[in-house]
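Undergrad: Provide a 3D model corresponding to the input given below.
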Amino acid sequence: MDRGSSEKRTPKKQPTTPTEVYLPGRSRALEEDEELVMDKAAYRFYYQLHVEAPSLSFDVLLDCLGENRPVEVDGDPVTAYIVAGTQTAHEKPNNLIVMKLSNMKPMTKKETTTKEDEDSSDSDSDSEEDLDSQPELDSAKIPHNGTINRVRSHQFNGVYLTATWSELGEVNVWDLSRPLSAVNDSVIMSEYVRTREAPSPIFTFRGHQTEGYALAWSPLAASQGYLATGDLAGAIHIWQPRPTGWTVSKPYSGHEGSVEDIQWSPTEATVFLSASTDRSLRVWDTRSPTAKNAAMITLPEAHQLDVNVISWNRIQPVSVVSGADDGCIRVWDLRMVSQQRKSAGDQLTAFTHSFDYHRAAITSVEWHPTEAGIFVATSEDDQTTLWDITLEQEAAANMDTDEGETDATNDPSEVPVQLLFIHTGQQEVKEAHWHPQIPGLVINTAADGFNLFRTICV
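TA: Numbering: from 1, shown residues only. Sure thing, here's the model as predicted:
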C-alpha cells in the first residue's frame, strides 16, 4: 500500500506556473511536459492498494473497533477489513480474499500544505520513515471456481457470511470465520498458509440458467439472512435461511433483459427493487401469490439505456439513485413514483434529479450511510465522484468577457453544483463503497487495484 496521485495538473519544467483544476473529459489535453498531480490539500486520507489480480467487486466487513471512527489530518491510524473477489486470466485460479488493512495513517498537515516544488527538499527525511509507521496488509485466500462477478457480505446469527456470483452460473455462500481469524492472529495465519486451508462454501445454488451480477442481502432483522440473486436471463431468486441451509424460491420473472442490480427495502422486509438492461426499474414484494409478473411497480423507461446499478437510501427510504449505460445518474422519489402510477402520468416526473456529467457507463452508486443527500458513483470514464443532492443548482458564475474568452471545455458551469468531488488516477473503476463505521471513508476497486480515501468535503 502507498500514497499516490490524482487531480491537478502542473508543468514539470516550470514548477512556478500556477496549477489548474483538471476536469476529465472536459479540460484540454495535456502537453508533453505536463502530468496530473494529486492535490493533497483536497484529501484527509489517501492510500493505494496494489493487488495480484483485479477485483470486479468487493464489500466492506464490519468490525468491533467502534462506530464513527474519525479520519482527520494528523489523526490516528485507520484499520479496515474488506472481502474481494478476483478476476484472473483463464489459466490462473481465482480467489475470494479477506483482507485486513491496518496502521494506515491519515495525511499530515505537512503533506497537505507542502507545495510540489518543495517536496524534493524533504525526500531524505521521508526515506528514513520508521518501519512502525508503514501500513500493513494481512490477507487470507479462499479458492473460488471461476471469476467472481459480485461479492456481498452479511452478519447472520453471529457469523460473517459472504455470497459470491460466479461466472460459471453458481451462487456460493461462504463462512468467513476462519479467514477472519487468520488475518487477526499471526499464529492462525501461519497454520492457514502452511496447511493450504481451502474452506468450502456452506451452500451453493446452481438453479440459475446463466451467470449474473445482481446480489443483495436484506438489511432488516425481520428478514435476516434473506438473499436476492438476479441473472443475465432476467430471473430473480429469493433465498430464505433454514437450519440446514437456504430454501430458494422459484424465479421471479418480468424483466425482458438482464437483471443488473438488486436492493432490498430498508424499511419493508418483503420488498426489493431491481434494475435491468431492459431500461426498467421494478419494485417487488415476496408476499405476492405468484412469482411471475409479480412486480408491484414498474418504471418501463427509467433510463434511455441499460440500468446498471441502484442504491436504496437507508436514511431517507423514499429515495433511490440509479446509474445507466450512458453515464446518466438519476435520483428517484418513490412517493412520486406511486403518485404517477395511480394517475397514469408521465413517469419522468418521478425522478427529482438527473445528472449527465459522466461520459461513460456508471458502474456503481451508493448512498452515504449517515448523510441522507450524499452518494458516491463510479464510471467507466475512470472517475469516482461524490455528490450532494441537498445543494441547489446555482446560476453559472458571471464572466467578464471584456477580459478575454474563457476556455469553454473547462467552464465551471458544465459541472453540477451537486458534484462535490472528482477522484481520478485509476483505470476501469468498477465499484465503490462507503465504510459504515468510518464516516467519509470511500474504498473503490479498479483494474489497477484499490484506493482508500477521505476528502475534505465529506
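Undergrad: Just the element for residue 273, please.
TA: In this assignment (DSSP states H and E), residue 273 forms part of strand 271-276.
Undergrad: and residue 21, bridged to which residues?
TA: Applying DSSP bridges to residue 21 gives these bridge partners: residue 8.
Undergrad: per-residue pLDDT, it?
TA: You'll see residue 21 listed with a pLDDT of 77.
Undergrad: Neighbours of it, how many?
TA: Here the number of neighbours of residue 21 (other C-beta atoms under 10 Å) works out to 13. All C-beta spots, glycine's among them, are computed from the backbone N, C-alpha and C.
Undergrad: same question, residue 457
TA: Using other C-beta under 10 Å: residue 457 sits among 12 other residues.
Undergrad: so which helix or strand takes in the closest residue to it other than its chain neighbours?
TA: Leaving out its chain neighbours, the residue that sits closest to residue 457 by C-beta to C-beta, 6 or more residues apart in numbering is residue 420, at 4.8 Å. Per DSSP H and E: residue 420 is located in strand 419-423.
Undergrad: who does residue 374 bridge with?
TA: Beta bridges link residue 374 to residue 388, judged by DSSP bridges.
Undergrad: before we move on, the earlier item: pull up the pairing partners for the helix or strand just after the strand holding residue 273, direction included.
TA: With elements assigned by DSSP H and E, the helix or strand that comes after strand 271-276 is strand 281-285. Here strand 281-285 is paired, per DSSP bridges, with strand 271-276 (antiparallel), strand 295-299 (antiparallel).
Undergrad: would you turn the ones you listed into CSV with distance to residue 113, mean pLDDT and mean neighbour count?
TA: Putting the strands paired with strand 281-285 into CSV (distance: least, C-beta to C-beta, whole Å; pLDDT from 0 to 100; neighbours: other C-beta atoms under 10 Å) gives the following:
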stretch, distance to residue 113, mean pLDDT, mean neighbour count
strand 271-276, 44, 97, 25
strand 295-299, 48, 90, 18
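Undergrad: Among those, single out whichever gets nearest to residue 185.
TA: strand 271-276 (37.5 Å; C-beta to C-beta).
Undergrad: Show me what the closest one is in contact with.
TA: Strand 271-276 has contacts (C-beta atoms under 8 Å, 6 or more residues apart in numbering) with 214, 216, 218, 228, 230, 234, 236, 238, 255-265, 281-286, 296, 302, 306-310, 312, 320, 322.
Undergrad: Where do the strands of the stretch 301-450 of the chain begin and end?
TA: Counting by DSSP state E, counting those that start in this stretch, the stretch 301-450 of the chain has these strands, from start to end: 307-312, 319-324, 329-333, 351-355, 362-367, 374-379, 384-388, 419-423, 431-434, 442-446, 449-455.
Undergrad: Under the pLDDT cut-off, which ranges of this protein? List them.
TA: Counting by pLDDT under 70, the ranges of the chain that qualify are 3-18, 114-132, 338-349, 393-413.
Undergrad: at 80 what do you get?
TA: 1-22, 25, 28, 30, 33-34, 90-91, 114-133, 289-294, 337-349, 392-414 (pLDDT under 80).
Undergrad: circling back: dump the strands of the stretch 301-450 of the chain to TSV, plus mean neighbour count and distance to residue 188.
TA: Formatted as TSV, the strands of the stretch 301-450 of the chain follow (neighbours: other C-beta atoms under 10 Å; distance: least, C-beta to C-beta, whole Å):
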stretch	mean neighbour count	distance to residue 188
strand 307-312	25	36
strand 319-324	26	40
strand 329-333	23	43
strand 351-355	16	47
strand 362-367	25	32
strand 374-379	25	34
strand 384-388	23	35
strand 419-423	19	36
strand 431-434	23	27
strand 442-446	24	25
strand 449-455	22	24
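Undergrad: so which of these gets nearest residue 33?
TA: The closest approach between residue 33 and any of the strands of the stretch 301-450 of the chain, judged by C-beta to C-beta, belongs to strand 419-423 at 23.4 Å.
Undergrad: Pull up the pairing partners for the closest one, direction included.
TA: Partner strands and pairing direction for strand 419-423 (DSSP bridges) are strand 384-388 (antiparallel).
Undergrad: quick one: the partner strand to strand 319-324, angle?
TA: Computed with axes from the mean of the first three to the mean of the last three C-alpha atoms, to 10 degrees, the direction of strand 384-388 lies at 150 degrees from that of strand 319-324.
Undergrad: Run the chain-centre distance for strand 384-388.
TA: Between the centre of strand 384-388 and the centre of its chain there are 11 Å (C-alpha atoms, centre = their mean, to the nearest Å).
Undergrad: Tell me the helices and strands packed up against the strand ranked longest in the chain.
TA: Ranked by residue count, the top strand of the chain under DSSP state E comes out as strand 94-104. Applying 3 or more C-beta pairs under 8 Å, 6 or more residues apart in numbering; DSSP states H and E, one finds that strand 94-104 makes contact with strand 43-49, strand 78-86, strand 136-144, strand 148-156, helix 177-184.
Undergrad: and the ones you listed as JSON lines, adding mean neighbour count?
TA: Listed next are those as JSON lines, based on neighbours: other C-beta atoms under 10 Å:
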{"stretch": "strand 43-49", "mean neighbour count": "21"}
{"stretch": "strand 78-86", "mean neighbour count": "23"}
{"stretch": "strand 136-144", "mean neighbour count": "19"}
{"stretch": "strand 148-156", "mean neighbour count": "21"}
{"stretch": "helix 177-184", "mean neighbour count": "19"}
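Undergrad: Tell me which of these lies nearest to residue 30.
TA: Closest to residue 30 of these, according to C-beta to C-beta: strand 43-49, at 21.0 Å.
Undergrad: Tell me the gap between the closest one and the middle of its chain.
TA: 16 Å.
Undergrad: Could you tell me the angle between that strand and strand 94-104?
TA: 140 degrees.
Undergrad: so what does strand 43-49 touch, helix or strand wise?
TA: strand 94-104, strand 449-455.
Undergrad: C-alpha coordinates for that strand, PDB please?
TA: What follows is strand 43-49, C-alpha atoms only, in PDB (Å, rounded to 0.1, in the frame of the first residue of the first chain):
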ATOM      1  CA  TYR A  43      -7.700  14.900   1.000                       C
ATOM      2  CA  ARG A  44      -7.600  13.900   4.700                       C
ATOM      3  CA  PHE A  45      -6.600  10.300   3.900                       C
ATOM      4  CA  TYR A  46      -5.400   8.500   0.800                       C
ATOM      5  CA  TYR A  47      -3.900   5.100   0.100                       C
ATOM      6  CA  GLN A  48      -3.400   2.900  -3.000                       C
ATOM      7  CA  LEU A  49      -3.500  -0.900  -2.600                       C
END
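Undergrad: partners of the next helix or strand after it in the sheet?
TA: The helix or strand immediately downstream of strand 43-49 is strand 55-61, counting by DSSP H and E. Its sheet considered, strand 55-61 pairs with strand 78-86 (antiparallel) by DSSP bridges.
Undergrad: ok now the partner strand, how far from the chain's centre?
TA: With C-alpha atoms, centre = their mean as the basis, strand 78-86 stands 13 Å off its chain's centre.
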